[in-house]
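Undergrad: The following comprises the amino acid sequence and a computationally predicted model.
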Amino acid sequence: MIGSLFSFQFRDGPGVPKDAPPKTGLALFASILGREWWELIKLNLLFLIAALPLITLPAAYVAMTRLCVTMVEDKNHYLLRDFRHTFAIRFADAFLTGIFALIIGALAVFAASFYAKAAQYNLAFAAPLGLAVAVIVLLPIYLSALMLVLVISDLSLKPALKAAAIATLARPLPGLAALAITVALWLIHIAFYPVSLPMPVIMNFSLGTLVMSFAMLPGARTGIEYVGVEAPGNASKRPHP
């Protein structure tokens with residue numbers, strides 16, 4: 001009996017046919033999620049701990065993005081070591097990015113609110129209202145692309161900003177789709193609260209970052225190539241101090 005159970009548990013798997021086409025799209029993402037779900041839970045908790053002081057939130061997000069890239073590329077990673085390394089070397093760039101995002105986001109929200117009221121009396125204000133809404137929608141996609149550029153290249157912040165802009169414009173539809181999925185995660189959390197209370201602690205942050213990284217990684221590489229710097233094949237291959 002015990003021998004049979006042992007044989008069942010440790011028998012060879014079905015394997016993958018040699019001529020099987022590589023997975024793409026949703027099938028590939030489902031494969032990544034099935035392979036990395038436990039690492040995502042640990043990464044989510046690590047991110048929350050690192051982001052608790054709030055001032056460290058941008059650096060914690062960059063570090064989480066770096067781990068998500070290794071998951072997408074199916075490369076070996078060491079969760080705590082890689083997180084700490086990226087957190088340390090990109091802290092200054094991430095902090096400046098956070099300030100930049102806060103200012104631009106606040107201005108866009110204020111402008112949208114102002115022009116929405118003004119458009120009620122004069123339709124000429126509908127154009128600047130649409131521009132403000134577009135900035136609000138595209139800003140998280142741009143920030144995701146920027147974080148990816150920072151972790152898959154050695155670009156300094158200034159050229160990284162340009163590369164991220166190119167990445168956003170090069171692949172807007174995957175970014176919008178990924179953003180919609182990420183927003184849906186939080187809407188589910190809100191709709192089923194308080195039953196859904198564990199969602200942000202268990203998966204919302206890391207899963208949302210994985211979705212954005214999966215969608216925006218090709219665009220980030222395009223942006224890096226455009227500014228004339230070759231992107232490394234995998235951030236996890238970069239030397240550690």
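TA: Everything's here; your move. Numbering: from 1, shown residues only.

Undergrad: Going by C-alpha atoms from here, please, whenever you check contacts or count neighbours.
TA: Fine.

Undergrad: Show me the helices in this protein, by range?
TA: Secondary structure of the chain (DSSP state H): helices at 2-9, 25-51, 57-72, 79-89, 91-119, 126-152, 157-170, 172-191, 199, 205-226.

Undergrad: Which helix or strand in the chain has the lowest average pLDDT?
TA: helix 2-9 (a mean of 47; mean pLDDT, DSSP states H and E).

Undergrad: Pipe the helices of the chain into TSV and attach mean neighbour count per row.
TA: Putting these into TSV (neighbours: other C-alpha atoms under 10 Å) gives the following:
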stretch	mean neighbour count
helix 2-9	9
helix 25-51	16
helix 57-72	25
helix 79-89	17
helix 91-119	16
helix 126-152	21
helix 157-170	21
helix 172-191	16
helix 199	15
helix 205-226	24
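
Undergrad: Least reliable of those by average pLDDT, please.
TA: Ranked by mean pLDDT, the helices of the chain bottom out at helix 2-9, which scores a mean of 47.

Undergrad: Find the centremost residue of this protein, please.
TA: Thr209 (3.1 Å; C-alpha atoms, centre = their mean).

Undergrad: residue contacts, it?
TA: 64-65, 68 (C-alpha atoms under 8 Å, 6 or more residues apart in numbering).

Undergrad: what's the burial count for the residue lying closest to Ala119 once chain neighbours are set aside?
TA: Nearest non-adjacent residue to Ala119, counting by C-alpha to C-alpha, 6 or more residues apart in numbering: Phe125, 4.8 Å away. Number of residues near Phe125 (other C-alpha atoms under 10 Å) recorded here: 16.

Undergrad: I figured Phe125 hits Ser113, correct?
TA: No: the pair Phe125 / Ser113 is not scored as a contact, 11.4 Å apart, by C-alpha atoms under 8 Å.

Undergrad: Tell me how far the residue nearest to Ala119 lies from Phe110.
TA: To Phe110, Phe125 is 14 Å away according to C-alpha to C-alpha, to the nearest Å.

Undergrad: what's the distance between Asp154 and Thr86?
TA: Distance from Asp154 to Thr86, by C-alpha to C-alpha: 12 Å.

Undergrad: ok, now Met199?
TA: From Met199 to Thr86 the distance is 25 Å (C-alpha to C-alpha).

Undergrad: again with Ala51
TA: 14 Å.
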